[in-house]
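Colleague: my questions are about this predicted structure, shown below with the sequence.
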Amino acid sequence: MNPGDELPPLEIPVTRTLIVAGALASRDYQDVHHDAELARQKGSPDVFMNILTTNGLVGRYITDHFGPGAVLHKVTIRLGAPNYPGDTMVLTGTVEEINGRTATVRVVGVNGIGRHVTGTVTVTLPAEDAI
């Protein structure tokens, strides 16, 4: 692997179940993540994914690519366009830097209305899986 290499994209269907389950699993009980009517009253067209679910999906994207022995050291993300039910988020990644067994990967997740997430992940592989 070299700087500039691209990871294969990962398509994630954004379902109502994924949004609600992610919010509950991360103990985020904000109504905008599970109650469509209250979300609409607050100006959103529907429930939307929380940042902790997005963070977990970014981590999954990296470990799916680098394998179960990969250790995430730093995940830095910023949210943009919301993930609403019925859409698909496509995660892509580009290797920015390699230092020994550690890589920094730039991750972008887009949906039908724009960029949902941008960020970087620093990941280290065990010696037997060196980059």
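Modeller: That came through, no problem. Computed from a prediction, not measured in an experiment: that's the story for all the values here.

Colleague: OK, contacts around residue 72?
Modeller: Contact analysis of residue 72 by Cβ atoms under 8 Å, 6 or more residues apart in numbering lists 59, 62, 63, 121, 122, 123. All C-beta atoms are positioned from the backbone trio N, CA, C, and that covers glycine.

Colleague: quick check: closest non-adjacent residue to the residue nearest the centre of the chain.
Modeller: Taking Cα atoms, centre = their mean, the centroid of the chain lies closest to residue 58, which sits 2.9 Å from it. Excluding the flanking residues, the one nearest residue 58 by Cβ to Cβ, 6 or more residues apart in numbering is residue 107, at 5.5 Å.

Colleague: can you tell me the helix or strand for the one you found?
Modeller: strand 102-111 (DSSP states H and E).

Colleague: the helix or strand just after that strand packs against which elements?
Modeller: Using DSSP H and E, the helix or strand that follows strand 102-111 towards the C-terminus is strand 114-124. Packed against strand 114-124 by the contact rule (3 or more Cβ pairs under 8 Å, 6 or more residues apart in numbering; DSSP states H and E) you find helix 51-66, strand 71-79, strand 87-99, strand 102-111.

Colleague: quickly name whichever of the contacts of residue 72 is closest to residue 2.
Modeller: residue 123 (15.1 Å; Cβ to Cβ).

Colleague: follow-up on the earlier one: which of the contacts of residue 72 has the most neighbours?
Modeller: residue 121 (24 neighbours; other Cβ atoms under 10 Å).

Colleague: show me the contacts for it.
Modeller: By Cβ under 8 Å, 6+ apart, residue 121 lies in contact with 58, 59, 62, 72, 74, 75, 76, 93, 104, 105, 107.

Colleague: pLDDT weak spots in this protein?
Modeller: The chain contains residues with pLDDT under 70 at 129-131.

Colleague: 80 instead, please
Modeller: 126-131 (pLDDT under 80).

Colleague: so what pairs up with residue 75 in the strands?
Modeller: residue 121 (DSSP bridges).
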